[in-house]
Each structure stands twice: as C-alpha cells, then as structure tokens.
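Chemist: only geometry, no sequence info:
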C-alpha cells in the first residue's frame, strides 16, 4: 500500500497540472513503493494506477542504449567503429567526411551532430501500421542532411541519433529492432505488459492522454488524434509513434521499475545478466556536455542540473498527452519511474520523491 505522504503529494499536482500520475520507486533489492493519484481516464472516472499503460516516448531511448551496450558486450557492435557500413542511409549526410566518422558511441551520447526536427506529427493511429523504419530514417536524414558540428565535440540531443542507432543494432544482429528489444530486454526482465503495440490486455489498462484544450500546441497535432473535451482538458485518441527506437515503447510504470532495478544492480536482475557490470556503470558516466543536456551513454542530466545535490542521471519521455521520467540517484542506490497523462507538469518535483526512499 502506498505511503500516505507519497499519495498526498501526488494528489496535490493532479487535477490542475495532470489528470493522473503514477510512480514506482525501486532500489537494488526491488520495488520500494508504488503509488498513483488522479485518473487514467477522466470521462470514465478510471483511477490512475501503477499498472496503467502509457506511451514511454523518449524514455524508450534508454532501452535502446541498453540494447546497444548488450550487443557491444557480445562483440556484435563496436562502439568506436564507423556506423555507416551498418546504416547506408547515412550516406546522404553532409559533410560526408564527418558522417563517415560517426560511431555508435556518438549516437549513444547524442554527439553525432544531427539536427533535431520536431517530431510532433511522427505518429499514426494505434490500429494502423506505421512506416517501415528504414524508409522513415532515409526520408528524415535526406530532409535533414546537414551535420551541425563535428562528431564527438559536444552533445546535441536528436531523435535522429537514436533512430540511426536502432537501424545499426538491427543490422548488427540481423534481427528487427523491435524483436531485439523484446527478446533481449523485455522478456528476460519479465516485462510482459510492455511492448511496441497495444495487446488486448494493454488496451484494457491503457491511460488516456490529455492536453490543455486552450493550448495552441493542439493546433499542430493531426486532427484525427483530437478527442473529446472534459473540463480544461481535451483527450487524445490512441496512437503509436512512427519511430520505434527513439520513442515507441508502451507499458506501465510498475514494469519500468523492473528495468530500473536492473540498472541499479549494474545490469543483472533475478540471476539474469542483461549488461556487463562495467557497461551499466559506463552508461551513467557523463562524458559529453551540451547547452541543454549532458550525456553519458544513454543516460543524461539537464545542463541546468549539473550541480544537483545529490547528483542523478535520468531520461525524460514526453509527447502529446503524456510526460514520463526514469531517474537514478547512484550514490543513494534508489531510482524512480514516473508516468503522467498530460503533456507537461512539474515532473522534477515528482522525481525527487525517490529521495525519501534512499538506502
């Protein structure tokens, strides 16, 4: 049962800031707390819970990064080898001499130099197929083919980096990216309600995404995704992201805690080693700085939080109708996963709840 103080603090930000929110706090030994407040669906008055299924959005990137480190640990991926032979779509990038130097390490740390086009319309209805991933990547790289800086010199967060990494992983393993994630990460961790498409069980637990109805951002969304209004909120119809590797996962915060626990245990969970211990530790080491984010190999921190006390690494996941967070406080041996069904709210305040459960 959730501690009353956690539930009460969550309730204080629901209603006005977000219709519903759920958190899971974990340590190396397992789940320490799961709590929720508000509603997964306002019209149906369905309560939010740690089992409600939400899109992960860019929180997916830390799974992609973990998969890359797993394949690297097996010798299937060279972190410092040029990625162009695995991803021929990169041939359109200019200057070509710089593009030929891009490595998986650059892609993991968002230091390849890619532009970051706004992905606001990179979605499709949940009951329809999305674009082929290779074709999507080729189209995006063709339209955004100018590198902004020399690879490795600084970080510049870009969804194109992780889409390219996803293609590289599929090519290196000879297996589609989504199948790799399922077989190498989700299934070994027992994350049975997490995937890249809604199963009937997931639909039954799916949260509805919401956006303030007066917000001008709603004008940028495809009209088919706009649902009904409930009070100050407008609902969004169920959708999937076009790019699986950068943001396509769906699932409940309770299962995110399983993934979080694996990282707190340096790559192992329930006797199954997902990552070499040194790889899990390396992912958390900040190596490249930037104006917005400082990056390790997947994990990041906001540049404005470089001096946070205690320090942490995290990954955000935000998009239309949802805003999520996965955060680790390494020295405190605690982490938190947060999922809420509104486009924006004070997620950092929720993330700090983990500090009440430090070891």
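Modeler: Everything's here; your move. All values derive from a computational prediction rather than experimental measurement. Residues are numbered from 1 along each chain as shown.

Chemist: quick one: contacts of stretch 99-107?
Modeler: 68, 72, 77-84, 90-91, 93, 111-113, 147, 151-152, 161-162, 164-165, 168, 297 (Cβ atoms under 8 Å, 6 or more residues apart in numbering). To be clear about C-beta, it is placed using only N, CA and C from the backbone, and glycine gets the same treatment.

Chemist: rerun that using 7 Å as the cut-off
Modeler: Residues from elsewhere that reach stretch 99-107, judged by Cβ atoms under 7 Å, 6 or more residues apart in numbering: 68, 77, 79-84, 90, 93, 112, 147, 151-152, 161-162, 164-165, 168.

Chemist: What segments of the stretch 51-200 of the chain are helices?
Modeler: 60-73, 96-99, 104-108, 133-143, 159-173, 177-181, 200-204 (DSSP state H, counting those that start in this stretch).

Chemist: As CSV, those helices with distance to residue 350 and mean neighbour count would be great.
Modeler: Shown next, in CSV, are the helices of the stretch 51-200 of the chain (distance: least, Cβ to Cβ, whole Å; neighbours: other Cβ atoms under 10 Å):
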stretch, distance to residue 350, mean neighbour count
helix 60-73, 18, 24
helix 96-99, 40, 15
helix 104-108, 27, 26
helix 133-143, 32, 16
helix 159-173, 24, 25
helix 177-181, 26, 21
helix 200-204, 23, 11
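
Chemist: Select, out of these, the one closest to residue 9.
Modeler: helix 60-73 (25.1 Å; Cβ to Cβ).

Chemist: which helices and strands does that closest one pack with?
Modeler: The contact analysis (3 or more Cβ pairs under 7 Å, 6 or more residues apart in numbering; DSSP states H and E) places helix 60-73 against helix 104-108, helix 159-173, helix 177-181, helix 244-247, helix 277-283, strand 313-319.

Chemist: try it again with 6 Å
Modeler: helix 159-173 (3 or more Cβ pairs under 6 Å, 6 or more residues apart in numbering; DSSP states H and E).

Chemist: now the helix it packs on: mean pLDDT?
Modeler: Mean pLDDT, helix 159-173: 98.

Chemist: With distance to residue 321 as added columns, please give the helices of the stretch 51-200 of the chain in CSV.
Modeler: Putting these into CSV (distance: least, Cβ to Cβ, whole Å) gives the following:
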stretch, distance to residue 321
helix 60-73, 16
helix 96-99, 35
helix 104-108, 28
helix 133-143, 21
helix 159-173, 18
helix 177-181, 22
helix 200-204, 16
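
Chemist: so which of those gets nearest residue 43?
Modeler: The nearest among the helices of the stretch 51-200 of the chain, by Cβ to Cβ, is helix 200-204 at 16.0 Å.

Chemist: contact partners of that closest one?
Modeler: With contacts defined as Cβ atoms under 6 Å, 6 or more residues apart in numbering, helix 200-204 is touched by 53, 193.

Chemist: switch to 10 Å and redo it
Modeler: 53, 126, 127, 192, 193, 194, 195, 198, 238, 250, 251, 252 (Cβ atoms under 10 Å, 6 or more residues apart in numbering).

Chemist: Could you give the separation of stretch 50-59 from the chain centroid?
Modeler: On the basis of Cα atoms, centre = their mean, to the nearest Å, stretch 50-59 sits 9 Å off its chain's mean C-alpha point.
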